[in-house]
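K.L.:
I would like to see how this sequence folds:
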Amino acid sequence: MRSPDRVVILNDASVVRGGATYLATTLARSLHARGLAVTFLAGDSGNRDLGEGIDMLALEGRALIHAPRASALKGLYNAAARHRISEWIARHDTPGTVYHLHNWSNILTPAVFDALAPVARRCAIHVHDFFLACPNGAFLDYPRARVCNRRPLSAACLTTQCDKRSYSHKLWRSARQAVLWNRLAPFRSGAQFVMINEAMRSRIGRAIRPGHLAAISNPVEPFGAPVPAPERNRRLVQIGQVQRLKGVFELAEAGRRLGLGVDFIGMGDSLDELRTLYPEHAYHGWMSREEIGRFLNGARAAVVATQSPEPFCLSAFECVATGLPLVVSDSILTARQLVEAGAAVTFCAGDVEALTAALGRVLRDDDLVARLAAAARERGPGLAPGLAEWVAAHDRLYRRMLARSLEPVSLRRQAAEDMPATPVEEALE
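P.N.:
Numbering: from 1, shown residues only. So this is what the prediction gives:
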């Protein structure tokens, strides 16, 4: 099978502030290091530090959270982004060019799918979250802090105020979801959808049924050398986006009840409110991986208090790979895997009392923390693929996509007729 002439990676952002952008930029650098031509098409103002030799096209857009209210229509459909991307494709596309779309919901909007429609059979659509299926992207009833099991855009969904802002915003999100599903039509049978966890399949299937749906687990690299003896430390750390759905308010309250300061590493739209309500905790903002690695040497455990059925939670696996115990909510889809590995204790998502009890147990029991740390050191690095294996899986995926795109039309039609409702295609061999 032939290798791509070029891989075009599309993502809302080019500056890393979250897991999806970290993965998109890491993939760009890694593919270029393997000798592939790479173009990074970013919705934001671009990143000069992405790497020499990687072509950058920056659309100069702004994330919806920072855009004026008058931009609501643009948030539904960013026509300017569609025009720029369509123009690039018209000028540079070849039969051997592969397109890989990562995050799109904050800047690129569903308009990106219209731009990519002519090359849909050579598109990979990375499913980092649930925005393809759920209007609020999380299958979470925010006001009630409960996982939502309603069918997206059903009557039960549309009449429920589950949005973190307001019901009017829920209706806006639902309108955008309808636009999105309409724009996905050329992609459902032809494009390659890539989940970050096989457990996402059932929730994606509530809304769309892609013809080609693969699972490639996120790559896990430790933040640094294993933490020497976490049981001797007292620091509790949360790493990642500082957002309500991450359970940061419950974590801050639990820390207050225990009389313990929590270290929050990361940025997010709840940071200012959290800092105002809980000034006793430490807020470090964004840190590089090297800085996090050094900081974790003084940590006892990392806490993942996410309320939603988060598909993977990269920072949790990175902490375990660094030999650090976890306290993790039972809502994330990988919670059972982490607990069965012996590296984590769990608690009921959204329950401050349960979180406080779990943290209190970890703070009191040095032997428990030592056992969790030993399991993390032993099993953590093998819970997910390393970077090289992850990049190789994408290379194989791209080659299969190109081979499929060159099939005669008659074979494509026959394959579509024979295709079951939700076929399984594993990208990792």
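K.L.:
domain parsing for the chain?
P.N.:
6-132+184-219+387-418, 230-382 (automatic domain parsing).
K.L.:
deepest-packed of those, please.
P.N.:
domain 230-382 (a mean of 20; mean count of other C-beta atoms under 10 Å). Where you see a C-beta, it was placed from the backbone N, CA and C, and this is true even at glycine.
K.L.:
in JSON lines: the domains of the chain, plus distance to residue 153 and mean pLDDT.
P.N.:
Shown next, in JSON lines, are the domains of the chain (distance: least, C-beta to C-beta, whole Å; pLDDT from 0 to 100):
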{"stretch": "domain 6-132+184-219+387-418", "distance to residue 153": "8", "mean pLDDT": "90"}
{"stretch": "domain 230-382", "distance to residue 153": "18", "mean pLDDT": "96"}
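K.L.:
in JSON lines: the ones you listed, plus distance to residue 177.
P.N.:
Output for these, formatted as JSON lines (distance: least, C-beta to C-beta, whole Å):
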{"stretch": "domain 6-132+184-219+387-418", "distance to residue 177": "8"}
{"stretch": "domain 230-382", "distance to residue 177": "17"}
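K.L.:
which one of those domains lies closest to residue 166?
P.N.:
With respect to residue 166, and counting by C-beta to C-beta, the nearest of those is domain 6-132+184-219+387-418 at 12.5 Å.
K.L.:
sorry, back to before: for residue 142, which of the domains of the chain is the nearest?
P.N.:
That would be domain 230-382 among these, by C-beta to C-beta, at 6.8 Å.
K.L.:
which residues in the stretch 201-350 of the chain form strands?
P.N.:
Along the stretch 201-350 of the chain, counting by DSSP state E, counting those that start in this stretch, strands occupy 213-215, 235-239, 262-265, 282-285, 299-304, 326-329, 344-347.
K.L.:
what's near enough to touch residue 227?
P.N.:
Neighbouring residues of residue 227 by C-beta atoms under 8 Å, 6 or more residues apart in numbering: 233, 296, 297, 299, 322, 323, 324, 373.
K.L.:
ok so, going back, and residue 141, which of the domains of the chain is closest to it?
P.N.:
domain 230-382 (9.2 Å).
K.L.:
what's the first-to-last distance across the closest one?
P.N.:
20 Å (C-alpha to C-alpha, to the nearest Å).
K.L.:
how far off centre is it?
P.N.:
Once both centres are worked out by C-alpha atoms, centre = their mean, to the nearest Å, domain 230-382 turns out to sit 18 Å from its chain's centre.
K.L.:
just stretch 143-157 next, same as before
P.N.:
With C-alpha atoms, centre = their mean, you get 20 Å for stretch 143-157.
K.L.:
what residues does it touch?
P.N.:
133-135, 139-141, 160-162, 164, 174, 177-178, 181, 206-207, 307-309, 331, 349-350.
K.L.:
surely residue 326 and residue 341 touch.
P.N.:
No. Using C-beta atoms under 8 Å, residue 326 and residue 341 do not qualify as a contacting pair, with a distance of 9.6 Å.
K.L.:
give me the common contacts of the two.
P.N.:
Joint contacts of residue 326 and residue 341 (C-beta under 8 Å, 6+ apart) are 320, 376.
K.L.:
what sits against residue 135?
P.N.:
Contacts of residue 135 by C-beta under 8 Å, 6+ apart are 152, 153, 157, 170, 173, 174, 176, 177.
K.L.:
which of these fall in helices?
P.N.:
157, 170, 173, 174, 176, 177 (DSSP state H).
K.L.:
what's the separation between residue 195 and residue 26?
P.N.:
Per C-beta to C-beta, to the nearest Å, residue 195 is found 18 Å from residue 26.
K.L.:
over to residue 15?
P.N.:
13 Å.
K.L.:
circling back: which stretch among the strands of the stretch 201-350 of the chain comes nearest residue 33?
P.N.:
Comparing the strands of the stretch 201-350 of the chain by C-beta to C-beta, strand 213-215 comes nearest, at 22.9 Å.
K.L.:
for the closest one, which strands pair with it and how are they oriented?
P.N.:
Taking DSSP bridges as the criterion, strand 213-215 forms sheet pairs with strand 192-195 (parallel).
K.L.:
only alpha carbons, please: show the partner strand as PDB.
P.N.:
Once non-C-alpha atoms are left out, strand 192-195 reads as follows in PDB (Å, rounded to 0.1, in the frame of the first residue of the first chain):
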ATOM      1  CA  GLN A 192     -12.300   7.200   8.400                       C
ATOM      2  CA  PHE A 193     -13.500   7.900  11.900                       C
ATOM      3  CA  VAL A 194     -10.900   7.400  14.700                       C
ATOM      4  CA  MET A 195     -11.900   6.900  18.300                       C
END
